[in-house]
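Participant: have a look at this prediction, sequence included:
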Amino acid sequence: MRIMLVTDAWEPQVNGVVRTLTKTVDECRAMGHEVEVIHPGLGYRSFPLPTYPEIRMSIGAKGDIEHRIRDFEPDGIHIATEGSLGQAARSLCLKWAWPYSTSYHTKFPEYVKERFWFIPLAAGYWFMRRFHNTGGCMMVATPSMRDDLANKGFKNIIPWARGVDTELFRPQIRDEKEGVYKGLARPIFVNVGRVAPEKNIETFLETDLPGTKVVVGDGPAMEVLQKKYPDIVFTGPKFGDDLARYFADADVFVFPSLTDTFGLVILESMACGTPVAGFKVPGPKDIIPGSEAGAIDDDLAKAALACLKLDRKKVRAYAETYSWKSCAEEFVENLEVPPMPERRRFWKRLRRLGGKFGSKVRLRIPSRLRRNKRG
């Protein structure tokens, strides 16, 4: 298949959304699919997203996006994010009556509320429903997120699982005595991720635990937290094998977030054999219960201490049940793909128009075939 992915989140950004999308694209290409990605790094004019400068909002990109889609003639279009590129691609799909899929990666309304208290959650969810409900389906990572969003009025929700790189994140690199935490009092409780208000890191820092607490990552709250908690070890961002060692050498990974929709770092920690403690919220409560790879509780300290008793071999074994290949296979199966004859005729009509962009050519699917996504 020819798959067009449109995303406002892409490298060099470092976060769970980017890792999910890049891994999915790699696996899709390995399976023989052609994938083209429209992302902020294609030279569009842009400005940094307020309070989240790593993400840039592209402007004036709609014409180029239309050219790229028409030149590529995709079988399926997936719009991964709700930013300016996603909005432009969505408007083109609606103009053409071309079916498309979306994915829900981030609790955007909660993130906005955390930074701008005067913006009501209802406004954020109105925006998100408007964006996603016009698509053919919306992919979500966990059952609890599916139920939560369905209760908020979202439609056509289908599952899209996640994976983990079990070759990069591995228990064999663990070294308690001479590793990255050499000289620090054990047990080591670590948090890895963006150091930002929405990650609820301060709850972890306030939690009464023995040993040493370590924060790996960077973000807008870093400087404030370093001054407020001088006894906490802040390492800054880590990548690749270096990051894997911070997972593997720790005794417990503490995931205090209340707003993540999944939390890839949970699987990365488990792949290193390090159990995960979290709250009873979407993400942790979908991954951890019954896994013997972590603990969740309304009391974060209780969950973290319970993890010290877990068998690290069982933690690793659980992580091995997640793969990026199966994630990509599910992604492809979820795509909204018009029937073959209709989509060929559609692109042929557009080609005949040559450079006449902005035309009102629309995809025509007979009513008896409208539910046939696979073609």
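Facilitator: Yep, that arrived. Note that the structure is predicted; figures quoted are calculated from it, not measured.

Participant: can you give me the strands in the stretch 151-300 of the chain?
Facilitator: Using DSSP state E, counting those that start in this stretch, the strands assigned to the stretch 151-300 of the chain run over residues 157-159, 188-192, 212-216, 233-236, 252-255, 276-278, 294-296.

Participant: actually, the stretch 1-150 of the chain.
Facilitator: With DSSP E, counting those that start in this stretch as the criterion, the stretch 1-150 of the chain has strands spanning 2-6, 34-38, 45-49, 52-59, 76-79, 101-103, 137-140.

Participant: check which residues of the fourth one are buried.
Facilitator: For strand 52-59, the neighbour count (16 or more other CB atoms under 10 Å) marks 52, 54, 55, 56, 57, 58 as buried. (C-beta placed from N, C-alpha, C; glycine too.)

Participant: can you redo the strands of the stretch 151-300 of the chain as a markdown table with mean pLDDT and distance to residue 99?
Facilitator: Formatted as a markdown table, the strands of the stretch 151-300 of the chain follow (pLDDT from 0 to 100; distance: least, CB to CB, whole Å):
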| stretch | mean pLDDT | distance to residue 99 |
| --- | --- | --- |
| strand 157-159 | 96 | 14 |
| strand 188-192 | 98 | 38 |
| strand 212-216 | 98 | 41 |
| strand 233-236 | 98 | 44 |
| strand 252-255 | 98 | 36 |
| strand 276-278 | 98 | 36 |
| strand 294-296 | 98 | 38 |
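
Participant: for residue 347, find the nearest of those strands.
Facilitator: Evaluated over the strands of the stretch 151-300 of the chain, closeness to residue 347 peaks at strand 157-159, with 26.1 Å, by CB to CB.

Participant: and for residue 223, the neighbour number?
Facilitator: Counted by other CB atoms under 10 Å, the residues lying close to residue 223 total 11.

Participant: ok, now how distant is residue 187 from residue 10?
Facilitator: Plainly put, residue 187 is 37 Å away from residue 10 if you go by CB to CB, to the nearest Å.

Participant: which of those two has more residues huddled nearby?
Facilitator: Each of residue 187 and residue 10 had its neighbours counted (other CB under 10 Å), and the higher figure belongs to residue 10 (23 against 18).

Participant: could you find the closest non-adjacent residue to residue 129?
Facilitator: Once its chain neighbours are removed from consideration, residue 129 has its nearest residue in residue 153; the separation is 5.4 Å (CB to CB, 6 or more residues apart in numbering).

Participant: OK, contacts around that neighbour?
Facilitator: Residues near residue 153 by CB atoms under 8 Å, 6 or more residues apart in numbering: 125, 129, 133.

Participant: compare those residues and tell me which has the most neighbours.
Facilitator: Note: the member of the contacts of residue 153 with the most neighbours is residue 125, at 18 neighbours, neighbours being other CB under 10 Å.

Participant: who's residue 76 bridged to?
Facilitator: Taking DSSP bridges, one finds residue 3 as the beta-bridge partners of residue 76.

Participant: that one and residue 83, how far apart?
Facilitator: For residue 76, the distance to residue 83 - CB to CB - is 20 Å.
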